[in-house]
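> build me a model:
(chains A and B)
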Number of protein chains: 2
Amino acid sequence: MKQIRPAPVPSAQATDPIPSWNDTVPKQAIIAFVEKVTKEGSPDFVPVAERIAVFDNDGTLWPEFPMPFQLAFLFDELKRRTPNEPKLAADPMVKAALAGDMAKLFAGEHHDGLLRIIALTHTGMKTGDFQARVEAWLASAKHQRFGQPYDQLTYQPMQEVLRYLRANGFKVFIVSGGGADFMRVWTERVFSIPPEQVVGSTARTKFELSDNGPVLLKTVEDPFVNDKTGKPVGIWQFIGRRPIACFGNSDGDQAMLQYTTINNSHPSFGLIVRHTDAEREYAYDARAPISGKLVEALKEAPQRGWSVVDMKNDWKRVFGFGQ
Amino acid sequence: MKQIRPAPVPSAQATDPIPSWNDTVPKQAIIAFVEKVTKEGSPDFVPVAERIAVFDNDGTLWPEFPMPFQLAFLFDELKRRTPNEPKLAADPMVKAALAGDMAKLFAGEHHDGLLRIIALTHTGMKTGDFQARVEAWLASAKHQRFGQPYDQLTYQPMQEVLRYLRANGFKVFIVSGGGADFMRVWTERVFSIPPEQVVGSTARTKFELSDNGPVLLKTVEDPFVNDKTGKPVGIWQFIGRRPIACFGNSDGDQAMLQYTTINNSHPSFGLIVRHTDAEREYAYDARAPISGKLVEALKEAPQRGWSVVDMKNDWKRVFGFGQ
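Next up, the predicted model:
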């Protein structure tokens, strides 16, 4: 009887787990880290339950230039609603937003103008209705420069890292300054990251049992801004343990990079994506207009051993759609 | 050549998935629900990603009589610390606690006395130090009546339900009024529920980068009480989608039972554990001394189709240890 040979198991060399990366230092560092912590019997081995990886979203998994996509959503919502809502249209901050007056909107430490617009437009909205608005926007709006729906603009190299980590037993979380309610609508479809693995900025909802069943109404009470030192705070509150891998792109990610990599009892990994590619994406770093400024975290990177990705040189392609 | 037959797949009848339950109505309802939502091609089928089940902890997965275990921890900590901390010992609320004056401690809508003790004992503590204290307590303290370490007092029938649901693709969360930081220390070991699947009461931590690396310090700021209508709010904030199964034991669970079962687009399941067994555990329901009062949720159960477990009649055994 003829013996049937099993197909050879592809080796790491044979099957490139992250093919959209050039074979430069960051790619080698990612693969070396994953191989190290998954090697049973090695002193660097990390049990599956503790393979927690956290990813910033805006600027790390998709662009945040010239503004975070959620801000584009907010402005498009204002454009859609103001013709039928004169009271909303008359608000000075709404007028500033529609006129593109970012300086006014982002003035003050807490961006009071922006928060006012969120309060005006979101308060009292059912969570389900908000989700439906986000879906409708994603189905119709297109990014001005790339002419694609926003959720098609994810970075292909990072999608591959997400898959590679998951295939190696990692549990992957988004830890973003963006609104949790905004992100959770599409993260499962777009990144295979379920809502319960999305840590974002939040405010409380209010529970009511209406005639049509239970509803949760959005409020702006107890706001939590999941950015800067808020990121490790959010990680603790929502995940409850320390990550071993952290991916970001701006000074907003510096604290969670520190939390992940400094004096961690496990081997750990930090990575910063630098926006250096004006041709295929954008080049800005320190000159970010609204969000995504990268200065301090970049300075700290060599000391901490964080990998720094130069998008232009380290990524074979940027997006999944044909460019 | 002799043909090798595969071993027969055990049927639900052959292998009892929850053997510590008597064959009464609640057991039948649990099994019928799980079989219904996992049957591919059926209109009641629920995709794996949406099989979210939430469990209250105190009184549902382990006892909360005569007081929640976390309160026993807090009192034991006071007994341990006050001999060496005269300022702490001199506080009137600490004195009330050590004298067992629950009325004073729990006075007011927000239990100001209790909150004061938490503020006095927890503020500024590193999260890691707090975890170590909880571990040390669990390793030494024993429940007065049962003479067992507290974490040995989980309900065997509920442990079986947790396993049964997980084996059927459910993702299981604890949604408890207890402190998230307290529960997450032991839920993985005791219930196989990882920290990131524990939703509890929280306050913010504060991130600091000290000479010894990053630390998170406990504060009592931005408190969130994950009880009553706070439970669906916590579910939305931490999980971000609606559960299809909910297990509780008190009026504190009523809102999340409503949120899970009323007008859910999926088939759903609600269950209330009644404490009716003075011999093997406790019998109290409406007469709960500190927490776990069950009146309103029990009244609502028939209308909503929630299963009501009579511990005395429906559970073959209560605890895992030999009774």
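> can I get stretch A:179-196 as CSV, trimmed to CA atoms?
Listed in CSV are the C-alpha atoms of stretch A:179-196, where the atom choice follows Å, rounded to 0.1, in the frame of the first residue of the first chain:
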residue,chain,number,x,y,z
GLY,A,179,-14.5,57.0,20.8
ALA,A,180,-15.2,53.4,21.7
ASP,A,181,-18.8,53.7,20.4
PHE,A,182,-17.5,54.9,17.1
MET,A,183,-14.8,52.2,16.6
ARG,A,184,-16.7,49.2,17.8
VAL,A,185,-19.1,49.6,14.9
TRP,A,186,-16.5,48.4,12.4
THR,A,187,-13.5,47.0,14.2
GLU,A,188,-14.7,43.4,13.9
ARG,A,189,-15.5,43.6,10.2
VAL,A,190,-12.3,45.6,9.4
PHE,A,191,-9.7,44.3,11.8
SER,A,192,-11.3,41.1,13.1
ILE,A,193,-11.1,42.8,16.5
PRO,A,194,-14.4,42.3,18.5
PRO,A,195,-16.0,45.2,20.4
GLU,A,196,-14.9,43.8,23.7
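> run through who's touching it.
The list of residues contacting stretch A:179-196 from outside it, by C-beta atoms under 8 Å, 6 or more residues apart in numbering or on different chains, reads A:57, A:61, A:70, A:73, A:127, A:130-131, A:134-135, A:138, A:151, A:154, A:159, A:162-163, A:166, A:172-174, A:176, A:197-202, A:218, A:226, B:49, B:52, B:171, B:173, B:196-197, B:237-241. C-betas here are computed from N, CA, C, even on glycine.
> mean confidence score for that stretch?
Over the span of stretch A:179-196, the pLDDT mean works out to 98.
> picking that back up, which of the contacts of stretch A:179-196 are buried? Put it as a ChimeraX command.
Typed into ChimeraX, the next command selects the buried ones out of the contacts of stretch A:179-196 (criterion: 16 or more other C-beta atoms under 10 Å in any protein chain shown):
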select /A:57,61,70,73,127,130,131,134,138,151,154,159,162,172,173,174,176,197,198,199,200,201,202,218,226 /B:52,171,173,196,197,237,238,239,240,241
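> which parts of the stretch 101-250 of chain A sit against chain B?
The stretch 101-250 of chain A comes close to chain B at residues A:127, A:171, A:173, A:180-181, A:184, A:188, A:194-198, A:202, A:204-207, A:209, A:212-214, A:216, A:222, A:224, A:229, A:232-233, A:236-241, as judged by C-beta under 8 Å from any C-beta of the partner chain.
> just the ones of these in strands?
When those are checked against strands using DSSP state E, the ones located there are A:171, A:173, A:198, A:205, A:206, A:207, A:209, A:213, A:214, A:216.
> I'd like to know which of those are buried.
Among those, those classed as buried by neighbour count (16+ other C-beta under 10 Å) are A:171, A:173, A:198, A:205, A:207, A:214, A:216.
> which residues pair with the third one across the strands?
For residue A:198, the beta-bridge partners are residue A:174 (DSSP bridges).
> go on, the last one?
Partner residues in beta bridges with residue A:216: residue A:207, with DSSP bridges as the criterion.
> tell me the contacts of it?
So, once contact is read as C-beta under 8 Å, 6+ apart, residue A:216 ends up touching A:126, A:127, A:205, A:206, A:207, A:208, B:232, B:233, B:236.
> mind redoing it with 7 Å?
For residue A:216, the contacting residues are A:126, A:127, A:205, A:206, A:207, B:232, B:233, B:236, taking C-beta atoms under 7 Å, 6 or more residues apart in numbering or on different chains as the criterion.
> helices of chain A, residue ranges please.
Across chain A, reading from the start of the chain, the helices by DSSP state H fall at A:25-37, A:69-81, A:86-90, A:92-98, A:102-105, A:112-122, A:127-140, A:156-167, A:180-183, A:187-191, A:230-238, A:254-261, A:296-304, A:311-314.
> quick one on the thing from earlier: just name the closest of the contacts of residue A:216 to residue B:82, please.
Residue B:82 has its nearest neighbour among the contacts of residue A:216 in residue B:233, at 35.6 Å by C-beta to C-beta.
> what is the neighbour count of the closest one?
Counted with other C-beta atoms under 10 Å in any protein chain shown, the neighbours of residue B:233 add up to 23.
> verify the stated contact: it with residue A:203.
No: if you go by C-beta atoms under 7 Å, residue B:233 and residue A:203 don't touch, sitting 10.6 Å apart.
> how about residue A:286, what does it touch?
When contacts are counted by C-beta under 7 Å, 6+ apart, residue A:286 touches A:293, A:294, A:295.
> ugh, wrong one, residue A:283
Residue A:283 sits next to A:275, A:276, A:277 when contact means C-beta under 7 Å, 6+ apart.
> what's the closest non-adjacent residue to residue A:217?
Using C-beta to C-beta, 6 or more residues apart in numbering or on different chains and skipping the chain neighbours, the partner closest in space to residue A:217 is residue A:206 (4.6 Å).
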